[in-house]
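Asker: Based on what follows, work out the 3D shape:
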Amino acid sequence: MKPLAIGAAMFVAAGLFGCDKPKLESSTHHGRYVGIGIYNPSRQWTKMVGADAPKVTPTARTIDDQAILVVEDSDTGEIRACGDLTGYCIGMNPWAHALSSSQNVPVSLTEHEAPPMPMDSSAPKKSRH
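Answerer: From the prediction side, this is the model:
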């Protein structure tokens with residue numbers, strides 16, 4: 001992972017873990033938001049309808065996101081995946097909080113990824129001796 005992405009992920013994670021008294025009884029819980037994971041955005045992340053703001057030069061767009069941060073709200077159970085530079089989030093539990101229709105899963109896309117090419121079954125098979 002790139003140093004910038006790691007730094008951005010740490011910055012966002014620091015902002016997500018609040019200083020409030022833990023809501024759960026567990027002594028290991030230290031804030032409202034629990035980190036679930038971080039992954040690299042695929043090409044599809046940039047194809048979400050309604051994700052990008054108007055094309056203002058300095059504003060980050062989904063193509064600029066270097067990592068997707070996945071967190072759970074420990075109060076509501078909602079899971080959100082958020083871009084590290086745009087802050088744009090999609091909800092995995094849309095009934096917990098009202099999200100715009102473009103943010104509910106399944107997300108509408110402007111273009112779909114092509115399926116992988118099938119394996120060529122006519123190619124000679126290697127024998128194992």
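Asker: What helices and strands are in contact with the helix or strand where V34 lies?
Answerer: Assessed by DSSP states H and E, V34 sits inside strand 33-39. With contacts defined as 3 or more Cβ pairs under 8 Å, 6 or more residues apart in numbering; DSSP states H and E, the packing partners of strand 33-39 are helix 3-16, strand 68-73. For every residue, glycine as well, the C-beta is placed using N, CA and C.
Asker: Any regions of this structure where pLDDT drops low?
Answerer: By pLDDT under 70, the weakly predicted segments of the chain are 1-30, 53-54, 93-97, 121-129.
Asker: can you map out the strands along it?
Answerer: For the chain, the strands defined by DSSP state E cover 33-39, 68-73, 79-83, 89-91.
Asker: Redo those as CSV? Include mean neighbour count and distance to T62.
Answerer: Listed next are the strands of the chain as CSV, based on neighbours: other Cβ atoms under 10 Å; distance: least, Cβ to Cβ, whole Å:
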stretch, mean neighbour count, distance to T62
strand 33-39, 14, 14
strand 68-73, 20, 10
strand 79-83, 21, 6
strand 89-91, 19, 11
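Asker: Could you dump those strands into JSON lines with distance to P58 added?
Answerer: JSON lines is the format used below for the strands of the chain (distance: least, Cβ to Cβ, whole Å):
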{"stretch": "strand 33-39", "distance to P58": "25"}
{"stretch": "strand 68-73", "distance to P58": "22"}
{"stretch": "strand 79-83", "distance to P58": "16"}
{"stretch": "strand 89-91", "distance to P58": "21"}
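Asker: who wins for proximity to T59 among those?
Answerer: Minimum separation from T59 across the strands of the chain (Cβ to Cβ) falls at strand 79-83, 12.2 Å.
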